[in-house]
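>>> A predicted structure for the sequence below; I have some questions about it.
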Amino acid sequence: MSATSAKSLLNETTTVVLSPGYEGANIGTIIGFKHVNYLAEKAVIEHFRHCGLPVGRLYEEHGLGFDVVEIDSRLQTALVVDDEASVEVTPVTKDDATELAFKVVFTVERDGAPKKAVTSKIKVVLRYDDNDVRMLRRLPVPEGLERYVAARIGGAEPGAEVAATGEPLVSGGSTDVDPVLDQLLAGQNAYGWKFRIPYPYVHFFDRIAMSGYLRLMEEAKHRFVDARGISIRALLAEKNHIPAVTASKVTMLDEALLEEDLYVVYTVDDIFKNLLYTSRLDYYVVRGGRLVKTATGSITHAYGVVENGNSGRLVTFDERVLRAFNNDVAQ
């Protein structure tokens, strides 16, 4: 790994052909937003590899963990399970930045012609593992990457005090009844739950990965509509209406650790012309009796009808759905 590798990483545009995983096809053959973001992350990992900086070796030899700390994606055309997407990764890191930044553009073939499907903006840090039990030896940081090495992701200041926390959970357990949730949700058009972070959500032994936050973002939508009486299954059975994501963003603000209790709050922000609505996701832990926000994000949803696996069209929100979004379910 040389200075030439870092120079390529920061200046060279690369292109890779990627196909989505079959697991992501939960809307007929259409790939959900979470797996689209996974592909965007994968494209950046392939960019590192192409430039002579494979992310596995960065950790194994230098103790540097590749961490996506922000991902902001706009979905313009649905990806489907059979797609072979051409994914272009362009470095856009500013000269004084401490995070590596990339623009990622997906192009797919539609009706015999190329069509832009997704654009993403991704930020990455190289998180230094200072655990001398796990890392018995480390080579120096590769030349040119020193600025992008972090001793810790984020570093959010503690927020409001919490009077009490609820009963402890087992790993992977959850509850939507908890005094901390009562405090977070008071006066808000929101839904929240407490979730004990299990091993499948973390990487590098102990901290939640971007993929974990994306999984929770997807789950938040499902929990929210279920709690408001318009579950995904119910609207599918009644009208063949399925949620469709047009944009999503997650930014890490601190580290959330294995077996910590994570508080996830999904707040409805805006409804546009009965066709789109945006929600905010905030993630917290409690440390030293105070709330610490570990990540924040947003997601824009519509509802659609999908026919023959991949033919979709958007539909407007009916009164029942609008009442649920506005927390007016009693009327």
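Yep, it's here. Predicted, not measured: the structure shown is a model, and the values here were computed from it.

>>> grab the most central residue of the protein for me.
Leu214 (3.2 Å; C-alpha atoms, centre = their mean).

>>> could you chop this structure up by domain?
Taking automatic domain parsing as the domain assignment, the ranges for the chain are 1-151, 153-331.

>>> let's have the ones you listed in TSV, adding mean pLDDT.
Compiled in TSV, the domains of the chain are given as follows (pLDDT from 0 to 100):
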stretch	mean pLDDT
domain 1-151	95
domain 153-331	93
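
>>> quick revisit: what helix or strand is the residue nearest to the centre of the chain located in?
For Leu214, the host element (DSSP states H and E) is helix 210-227.

>>> what does that helix contact?
Residues outside helix 210-227 that contact it (C-beta atoms under 8 Å, 6 or more residues apart in numbering): 32-34, 37-38, 41, 67-69, 71, 176, 191, 193, 195, 197, 201-202, 231-232, 235, 243, 248, 250, 252, 262, 264, 266, 279, 281, 283, 295, 297, 299, 301, 324. To be clear about C-beta, it is placed using only N, CA and C from the backbone, and glycine gets the same treatment.

>>> CA atoms only for stretch 107-126 - export them in CSV, please.
Extracted C-alpha coordinates of stretch 107-126, given in CSV (Å, rounded to 0.1, in the frame of the first residue of the first chain):
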residue,chain,number,x,y,z
THR,A,107,-27.0,2.9,-14.4
VAL,A,108,-29.2,0.1,-15.6
GLU,A,109,-30.6,-1.0,-18.9
ARG,A,110,-34.3,-0.2,-19.6
ASP,A,111,-35.9,-0.8,-23.0
GLY,A,112,-32.5,-1.3,-24.6
ALA,A,113,-31.1,2.0,-23.3
PRO,A,114,-29.0,3.0,-20.3
LYS,A,115,-31.0,4.7,-17.5
LYS,A,116,-29.8,6.4,-14.3
ALA,A,117,-31.4,4.5,-11.4
VAL,A,118,-29.8,5.6,-8.2
THR,A,119,-27.4,8.4,-7.0
SER,A,120,-25.7,8.2,-3.6
LYS,A,121,-23.4,10.3,-1.6
ILE,A,122,-21.2,8.3,0.8
LYS,A,123,-18.7,9.4,3.5
VAL,A,124,-16.2,7.0,5.0
VAL,A,125,-13.8,7.1,7.9
LEU,A,126,-11.0,4.6,8.8
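
>>> correct me, but Val69 touches Leu100?
No - with contact defined as C-beta atoms under 8 Å, Val69 and Leu100 do not form a contacting pair (9.6 Å).

>>> neighbour count winner among these two?
Between Val69 and Leu100, counted using other C-beta atoms under 10 Å, the more crowded position is Leu100 (24 against 20).

>>> wait, the more buried one sits on Val124?
Yes - shown here, Leu100 and Val124 form a contact pair, counting by C-beta under 8 Å, at 4.4 Å.

>>> mind listing the shared neighbours of those two?
Any residue near both Leu100 and Val124 by C-beta under 8 Å, 6+ apart counts here, and that gives Tyr148.

>>> next SSE downstream of the longest strand seen in the chain?
Counting by DSSP state E, the longest strand found in the chain is strand 290-307. Note on strand 290-307: by DSSP H and E, the next helix or strand toward the C-terminus is strand 311-315.

>>> what's the angle from that following strand to strand 290-307?
Calculated by axes from the mean of the first three to the mean of the last three C-alpha atoms, to 10 degrees, strand 311-315 forms an angle of 120 degrees with strand 290-307.

>>> ok, now which ones touch Ala117?
Ala117 is in contact with Leu75, Gln76, Thr77, Ala78, Leu79, Asp83, Ala85, Phe106, Thr107, Val108, counting by C-beta under 8 Å, 6+ apart.

>>> over to it. Which of the three states is it?
strand (DSSP: H, G, I helix; E, B strand; the rest coil).
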